[in-house]
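A.B. asks: all I have is the shape, not the residue letters:
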């Protein structure tokens, strides 16, 4: 068996390597829900487990000149696909840990701003997650980090910056935050609004507060609705880190905290609260960059849009209050996988062993309302 490291495959795909073809052997429904961009689906999952000979007809149409990298959920059935393809004369390999491995990939790029410092966006294409690192005058802050902490330590080393704080916009429902652990590793505050820090040791942040990172003031805007403790961060009027409150083409869901059993509010009330929170953000300058914590696709950093662009693209912002509440409270998409346990983990009510974190997060991002 030949394993391909997920980061290696990511780099080749970013470079538009025409010599590699990613073949996903999962069921078509699983592929359509969540897959590696540019991959092709050959649904031979059952055949590869029952009788590999029956899978060969479906695999025979793959281009012979390509190096084929096989993918499944965890890499087990994909390994069988690799061996089958090799028997057929193909140059084949298996993506290590399958889609689980792909979910660990992180990519980063600077965001172009006029901040007195540098803002780096870190994208996790396998989860649709976006986090940010602000560096100014030798100090740094990390916003909405994943639990793969070495990715952020690498950026700190690259910019020779000292971490002074870690911020979460809210208690996430799709991935386990690394915020508290990263802050503990560096001996700095972990900032989370008290409404979301239910059973976790965090430094509280309140509406209107400012935390300085080097020469940049980080202003806190309490924007509840997606969760009771959701906040957005205004970086010197240049960038708005909006968490899951405002996306470029949608807004945050309003039922996850209620259905996870950690909020006493109701869905209609949350929708009304979110509507009011959005009005606070829409008062900001048109040229401020909106930088959410997620992108529904497979984000390639930097993912940015001005507030003016978001107003023009986002149909949710065109609705009046009544229509907004009715739409968000009644049109409920599929839930993120394991969202109840993820939410409880991020508010400190559940402790998930390290070896279970990757599997807990496995699956598509579904934090947007539409």
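C.D. replies: That came through fine. Computed from a predicted model, the values in this text were never measured in an experiment. Numbers count the residues shown, from 1 in each chain.

A.B. asks: what's the burial count for the closest residue in space to residue 358 that isn't next to it in sequence?
C.D. replies: Excluding its sequence neighbours, the residue lying closest to residue 358 (Cβ to Cβ, 6 or more residues apart in numbering) is residue 100, at 5.4 Å. C-beta coordinates here come from the backbone N, C-alpha and C atoms, glycine included. Neighbourhood size, residue 100 [other Cβ atoms under 10 Å]: 19.

A.B. asks: please apply the same query to residue 217.
C.D. replies: For residue 217, the neighbour count with other Cβ under 10 Å is 15.

A.B. asks: ok, now residue 352?
C.D. replies: The burial count for residue 352: 17, using other Cβ under 10 Å.

A.B. asks: where does it sit: helix, strand or coil?
C.D. replies: Look at residue 352: counting by DSSP: H, G, I helix; E, B strand; the rest coil, its state is coil.

A.B. asks: break the chain down into its structural domains.
C.D. replies: The chain breaks down by automatic domain parsing into domains covering 3-102, 107-361.

A.B. asks: mean neighbour count, those: which tops it?
C.D. replies: When neighbours are counted by mean count of other Cβ atoms under 10 Å, the highest per-stretch mean among the domains of the chain falls to domain 107-361, a mean of 20.

A.B. asks: ranges for the strands of the stretch 151-300 of the chain?
C.D. replies: 162-167, 190-191, 210-213, 216-222, 231-235, 239-243, 289-292 (DSSP state E, counting those that start in this stretch).

A.B. asks: what's the closest of those strands to residue 34?
C.D. replies: Residue 34 lies closest to strand 289-292 among the strands of the stretch 151-300 of the chain, at 19.1 Å (Cβ to Cβ).

A.B. asks: following the closest one, which helix or strand comes up?
C.D. replies: Where DSSP states H and E defines the elements, the next helix or strand beyond strand 289-292 is strand 305-306.

A.B. asks: follow-up on the earlier one: pipe the domains of the chain into a markdown table and attach mean pLDDT per row.
C.D. replies: Formatted as a markdown table, those follow (pLDDT from 0 to 100):
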| stretch | mean pLDDT |
| --- | --- |
| domain 3-102 | 94 |
| domain 107-361 | 94 |
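
A.B. asks: Serialize those domains to JSON lines and add fields for distance to residue 368.
C.D. replies: JSON lines is the format used below for the domains of the chain (distance: least, Cβ to Cβ, whole Å):
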{"stretch": "domain 3-102", "distance to residue 368": "15"}
{"stretch": "domain 107-361", "distance to residue 368": "4"}
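
A.B. asks: circling back to that earlier point, nearest to residue 339 among the strands of the stretch 151-300 of the chain would be which one?
C.D. replies: With Cβ to Cβ as the criterion, residue 339 lies closest to strand 239-243 of these, at 15.7 Å.

A.B. asks: the closest one pairs with which strands?
C.D. replies: strand 231-235 (antiparallel), strand 289-292 (parallel) (DSSP bridges).

A.B. asks: tell me which of the ones you listed sits nearest to residue 15.
C.D. replies: Nearest of those (Cβ to Cβ): strand 289-292, 25.6 Å.

A.B. asks: need the residues that contact that closest one.
C.D. replies: By Cβ atoms under 8 Å, 6 or more residues apart in numbering, the residues outside strand 289-292 that reach it are 111, 113, 121, 130, 132, 238-248, 303-307, 309-310.

A.B. asks: return the distance of stretch 66-83 from the chain's centre.
C.D. replies: 25 Å (Cα atoms, centre = their mean, to the nearest Å).

A.B. asks: which other residues reach it?
C.D. replies: For stretch 66-83, the surrounding residues in contact (Cβ under 8 Å, 6+ apart) are 1-2, 4, 9, 19-26, 30, 36, 39, 44-45, 48-49, 52, 55, 59, 62, 85, 90-102, 362.

A.B. asks: just stretch 344-362 next, same as before
C.D. replies: Stretch 344-362 has contacts (Cβ under 8 Å, 6+ apart) with 73, 97, 99-100, 103-104, 127, 147, 168, 171-177, 196-201, 260, 262, 337-338, 341-342.

A.B. asks: thinking again about what came up before, now, the contacts of stretch 66-83 that are in helices?
C.D. replies: Those of the contacts of stretch 66-83 mapping onto helices are 9, 30, 45, 48-49, 59, 85, 98-102, per DSSP state H.

A.B. asks: and the two most separated of those?
C.D. replies: Pairwise distances across the ones in helices among the contacts of stretch 66-83 peak at 23.8 Å for 9 and 49 (criterion: Cβ to Cβ).

A.B. asks: which SSE is residue 110 in?
C.D. replies: Here residue 110, judged by DSSP H and E, is contained in strand 107-111.

A.B. asks: just checking, what packs against that strand?
C.D. replies: strand 118-124 (3 or more Cβ pairs under 8 Å, 6 or more residues apart in numbering; DSSP states H and E).

A.B. asks: pull the longest helix from this structure.
C.D. replies: Every helix in the chain considered (DSSP H), the longest is helix 267-282.

A.B. asks: what's the angle from it to strand 231-235?
C.D. replies: Orientation check (axes from the mean of the first three to the mean of the last three Cα atoms, to 10 degrees): helix 267-282 against strand 231-235 gives 10 degrees.

A.B. asks: where's residue 41 relative to residue 77, distance?
C.D. replies: Here residue 41 is placed at a distance of 13 Å from residue 77 (Cβ to Cβ, to the nearest Å).
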